[in-house]
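Asks: Just to be clear, the model below is a prediction. Sequence and coordinates:
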Amino acid sequence: MATTGIRTLDWVDGAVELIDQTQLPHRHEILRIETVPEMVDAIQRLAVRGAPAIGVAGAFGVALAVRAYDTDGERLDEAVASLRAARPTAVNLARMVDRAAGVAGEGFARVLAEAMAIRDEELAASVSMGLYGADLVSELVPDAAIRAMTICNTGGLAAVERGTALAVVHTLHERGVLREALPLETRPLLQGARLTTWELDRMGAAHRLIVDSAGPFLLARGAADVVLTGADRIAANGDTANKIGTFSLALGARHAGVPFIVVAPESTVDSATASGDEIDIEDRGTAEVVSLAGATTAPEGTEALNPAFDVTPADLITAIVTDRRIIRLDRGQTLASVPLGDLRC
C-alpha cells in the first residue's frame, strides 16, 4: 500500500519544510526551518508535534546543527542538547536526535542521510501500523460498520504520512468497514477538533466531533466499538503516556467492555523506562488553559495545572499495535514476550 496522505515535514532544498500545525484548519502554512533555534521553537510551540514527527524533525535539526557548526564541538553539543530537550515526554525526539548525532563525526552528508533514513522508516511504519491495527480491529469487532473513537491527532500530521492510530482508521476506511470516526476535541489546544477532523475530511471518512468529557459517557452508551489512541512513550511494562484525557477514555472503555488499543511505532517503545511512574510528564503552564484562540476565559491571575500527557496503566489496555507486532496485554502477553515480526506494506 502506498503512503498516501499529506507530508507533514521533509528536507527540501537545504532546509526543513513543515506544516505549521498551529495555523490549521484555517490556514495551510508551510514553515521553512534553516536553523536549530527555529527548529527548537517549532517543536516547543507545537508547529510540529506528534512523537514520530518530532523524532524526524529532531534528526533533521541535527543535520542543520552539523552544517552550521561543523568542527565547533562545543556549539554543536549545545545545539544537539537543545533539540533533545525541546520536549521531554516523547521518547522519539531524544532517541532520533541521539541517533543522528551519533554519526556527526562523519560529516553533514552522513547525518542528513541518517535523518532521511529515519524519515523513511517512519513512513513505512505508518503503513504497517495501519495494516496490523485494522486486522486486529476487524478481529475484535466483527462488524462491517465499525465506529472508532480517538483522541488528539494521530494522523499524518503527527507522523510523516498516514500516522499511528489514525492510520488504522484510514485503513479501515479504505477497506470500506469504517462507519464513522469519533474524535475528541482534545483540550486545551484542540488537536482533535483542529487537526484530526481536518485529516478525516481530507480522507473522506465519516466523522463526528465530541467534547473530551463526553467520551467515557458515550462509550457507556454504546456509541463506539473500539478506542484507538497513539502514544508518546511506551514503558517496558506496557504503561503508555499519551495526550491528557487518554486515561479517562481507558477507564470508560473498561467499564463499557470496549477494546482499547494503543498504536505506536517501535521507536516509541522505551525499554529503559520500567513503568509509567518514571515518565516525565510535561506541564505546559497556565496560558493554554485560561485562554482560547487569544480570548481570556478565566479571571485574571488564575493559575492552572496543565499536564500535556497522562499515563494509562497496562492493565487497562487491550493491545499495543506497533509496525512490527501486536501485543495482546489482555491475554497476558508483554513487550518482552512477543518477538518482532515483519514490517508490512
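Replies: Arrived safely, thanks for sending.

Asks: ok, which stretches of the stretch 151-300 of the chain are helices?
Replies: Assigned by DSSP state H, counting those that start in this stretch, the stretch 151-300 of the chain shows helices spanning 165-174, 191, 197-203, 214-220, 246-256, 287-290.

Asks: residues contacting Asp72?
Replies: With CB atoms under 8 Å, 6 or more residues apart in numbering as the criterion, no residue contacts Asp72. No exception for glycine: its C-beta is placed from N, CA and C like everyone else's.

Asks: For Ile151, see how far away it is.
Replies: Applying CB to CB, to the nearest Å, the value for Asp72 to Ile151 is 43 Å.

Asks: Report all helices and strands that the lengthiest helix in the chain contacts.
Replies: Secondary structure of the chain per DSSP state H: the longest helix is helix 108-140. Contact analysis of helix 108-140 by 3 or more CB pairs under 8 Å, 6 or more residues apart in numbering; DSSP states H and E lists strand 9-12, helix 51-69, helix 91-101, strand 146-150, helix 165-174, strand 226-229, strand 260-263, strand 319-321 as its packing neighbours.

Asks: These into JSON lines, with extra columns for mean neighbour count?
Replies: Below are the helices and strands packed on helix 108-140 laid out as JSON lines (neighbours: other CB atoms under 10 Å):
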{"stretch": "strand 9-12", "mean neighbour count": "17"}
{"stretch": "helix 51-69", "mean neighbour count": "28"}
{"stretch": "helix 91-101", "mean neighbour count": "24"}
{"stretch": "strand 146-150", "mean neighbour count": "25"}
{"stretch": "helix 165-174", "mean neighbour count": "28"}
{"stretch": "strand 226-229", "mean neighbour count": "27"}
{"stretch": "strand 260-263", "mean neighbour count": "27"}
{"stretch": "strand 319-321", "mean neighbour count": "26"}
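
Asks: how about TSV for these, with mean pLDDT and distance to Ala81 added?
Replies: As requested, the helices and strands packed on helix 108-140 are exported to TSV (pLDDT from 0 to 100; distance: least, CB to CB, whole Å):
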stretch	mean pLDDT	distance to Ala81
strand 9-12	95	22
helix 51-69	94	10
helix 91-101	92	9
strand 146-150	98	34
helix 165-174	97	31
strand 226-229	98	31
strand 260-263	98	30
strand 319-321	98	31
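
Asks: if we can go back for a sec, pull out the buried residues from the longest helix of the chain.
Replies: Using 16 or more other CB atoms under 10 Å as the test for burial, helix 108-140 gives 108, 111-112, 114-116, 118-119, 121-138, 140.

Asks: Now do the same contact list for Pro216.
Replies: Neighbour list for Pro216: 248-249, 251-252, 255 [criterion: CB under 8 Å, 6+ apart].

Asks: Going through the residues you listed, which ones are buried?
Replies: Buried among the contacts of Pro216 by 16+ other CB under 10 Å: 248-249, 251-252.

Asks: just the residues you listed now: which is nearest Asp323?
Replies: Using CB to CB, Leu249 comes nearest to Asp323 of the buried ones among the contacts of Pro216, at 22.8 Å.

Asks: Look up how far Glu199 lies from Leu178.
Replies: For Leu178, the distance to Glu199 (CB to CB) stands at 14 Å.

Asks: Is Val80 located within a helix, as I assumed?
Replies: Yes. The assignment for Val80 is a helix, going by DSSP: H, G, I helix; E, B strand; the rest coil.

Asks: mind checking how far the nearest residue to it once chain neighbours are set aside is from Pro52?
Replies: Nearest non-adjacent residue to Val80, counting by CB to CB, 6 or more residues apart in numbering: Ala101, 4.8 Å away. Using CB to CB, Ala101 is found at 18 Å from Pro52.

Asks: And Ala81, by the same measure?
Replies: From Ala81 across to Pro52, the span is 22 Å (CB to CB).

Asks: One more: Thr322?
Replies: With CB to CB as the criterion, Thr322 and Pro52 are 12 Å apart.

Asks: Need the residues touching each of those two.
Replies: When contacts are counted by CB under 8 Å, 6+ apart, Thr322 and Pro52 are jointly contacted by 125, 265, 268.

Asks: model confidence over stretch 179-190, on average?
Replies: Averaging pLDDT along stretch 179-190 yields 96.

Asks: Show me the contact partners of it.
Replies: 46, 145-153, 169, 192-193, 196-197, 200, 205-212, 214-215, 218, 223-224, 243, 245, 249, 288-289, 292, 306.

Asks: repeat for stretch 319-336
Replies: Residues outside stretch 319-336 that contact it (CB under 8 Å, 6+ apart): 124-126, 128-129, 132-133, 136, 168, 231, 234, 236-238, 240, 259, 261-266, 268-269, 271, 314-315, 317-318, 338-344.

Asks: hmm, try it at 6 Å
Replies: With contact meaning CB atoms under 6 Å, 6 or more residues apart in numbering, stretch 319-336 is reached by 125, 128-129, 132-133, 136, 238, 261-263, 265-266, 314, 317-318, 338, 340-341, 343.

Asks: circling back: let me have the helices of the stretch 151-300 of the chain in a markdown table, extended by distance to Arg67.
Replies: Shown next, in a markdown table, are those (distance: least, CB to CB, whole Å):
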| stretch | distance to Arg67 |
| --- | --- |
| helix 165-174 | 32 |
| helix 191 | 32 |
| helix 197-203 | 32 |
| helix 214-220 | 45 |
| helix 246-256 | 38 |
| helix 287-290 | 33 |
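
Asks: Quick one: closest of these to Met96.
Replies: Of all those, helix 165-174 sits nearest to Met96, with 19.1 Å by CB to CB.
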